[in-house]
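Colleague: okay, structure incoming, though there's no sequence with it:
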Ligand SMILES: Cc1cc2nc3c(=O)[nH]c(=O)nc-3n(C[C@H](O)[C@H](O)[C@H](O)COP(=O)(O)OP(=O)(O)OC[C@H]3O[C@@H](n4cnc5c(N)ncnc54)[C@H](O)[C@@H]3O)c2cc1C
């Protein structure tokens with residue numbers, strides 16, 4: 001299986017960095033092919049703007065979603081986005097590795113989705129290629145994240161509300177929207193409060209999940 005890990009943490013020694021390294025080692029050891037998009041390391045441009053479109057269909061009014069289709073048709077996709085699109089095409093599974101920031105992706109990861117999942121590539125509004133007809137059908141996606149808050153805070157009774165609501169949002173309007181199948185997530189909650197032994201146990205738990213992914 002070809003696995004792309006889209007990794008968003010600014011510090012290689014972070015726990016997210018360890019989870020990413022563990023995934024690379026474990027999946028490679030299981031015989032899978034692995035590529036990593038280390039977004040901070042490559043200084044990924046997170047903002048979708050008119051700099052991405054050098055051969056515009058409309059130079060007076062900037063309509064990003066229409067310019068995306070135009071860029072696909074003209075083969076005028078920026079080099080950094082093209083590299084990531086090739087990885088998406090290559091991948092059978094995409095793992096998103098990140099810390100929860102403001103109950104969401106870090107901006108750099110959201111910007112990867114904004115700029116790579118083009119209209120005309122990952123979905124096609126004009127041709128209604130969405131969900132079951134999504135162009136990325138047959139591929140799988142998985143969230144692997146850490147939180148600062150303990151699990152109770154992300155429960156139905158907790159102040160943040162049930163984490164499954166957030167997960168379902170990612171799974172449905174992002175992964176399933178483009179045709180991908182969402183795998184169960186792996187989350188490490190309340191990371192700052194965990195002992196070294198508990199952190200090591202979480203790494204072991206993740207390793208077991210990764211070994212069974214095929
Ligand atoms: C802007 C911002 C917004 C945030 N919003 C939220 C939010 O909405 N909800 C929420 O819950 N949290 C939030 N947080 C907290 C954030 O989610 C946590 O800080 C983050 O998940 C912790 O993960 P980390 O990888 O950064 O860990 P780090 O803080 O980098 O943890 C490093 C620790 O892990 C240890 N470690 C690293 N590798 C290993 C290893 N192999 N084995 C054992 N120990 C290891 C290190 O020794 C170190 O002590 C926010 C943080 C920021 C900065």
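Modeller: Cool, the structure landed. If you're wondering where the values come from, they're calculated on a predicted model, not measured in any experiment.
Colleague: only C-alpha atoms for contact and neighbour calcs from this point on.
Modeller: Will do.
Colleague: which residues touch stretch 20-29?
Modeller: 5, 7, 33, 34, 97, 203, 207, 210, 211 (Cα atoms under 8 Å, 6 or more residues apart in numbering).
Colleague: and if you look at stretch 163-181?
Modeller: 103-104, 122-123, 129-141, 154-155, 182, 185.
Colleague: and the residues you listed near the ligand, which?
Modeller: Applying Cα under 6 Å from any ligand atom to the contacts of stretch 163-181, one finds that residue 103 fall near the ligand.
Colleague: looking at the contacts of stretch 163-181, which are in helices?
Modeller: Using DSSP state H, no member of the contacts of stretch 163-181 sits in helices.
Colleague: mind giving me the ChimeraX command for buried ones among the contacts of stretch 163-181?
Modeller: In ChimeraX, this line selects whichever of these come out buried by 16 or more other Cα atoms under 10 Å:
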select :122,123,129,130,131,133,134,135,136,137,139,140,141,154,182
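Colleague: may I have the beta-bridge partners of the residue nearest the centre of the chain?
Modeller: Closest residue to the average C-alpha location of the chain: residue 96 at 3.7 Å, with Cα atoms, centre = their mean. Beta bridges link residue 96 to residue 6, residue 143 when assigned by DSSP bridges.
Colleague: Three-state assignment for residue 213, please.
Modeller: Look at residue 213: counting by DSSP: H, G, I helix; E, B strand; the rest coil, its state is coil.
Colleague: per-residue pLDDT, it?
Modeller: Looking at residue 213, its pLDDT stands at 94.
Colleague: from residue 176, how far out is it?
Modeller: The spacing between residue 213 and residue 176, counted by Cα to Cα, to the nearest Å, is 19 Å.
Colleague: name the residue in these two with the higher neighbour count.
Modeller: The residue with more neighbours, out of residue 213 and residue 176, is residue 176; 23 against 11, by other Cα atoms under 10 Å.
Colleague: doesn't the more buried one belong to a helix?
Modeller: Yes - under three-state DSSP, residue 176 falls within a helix.
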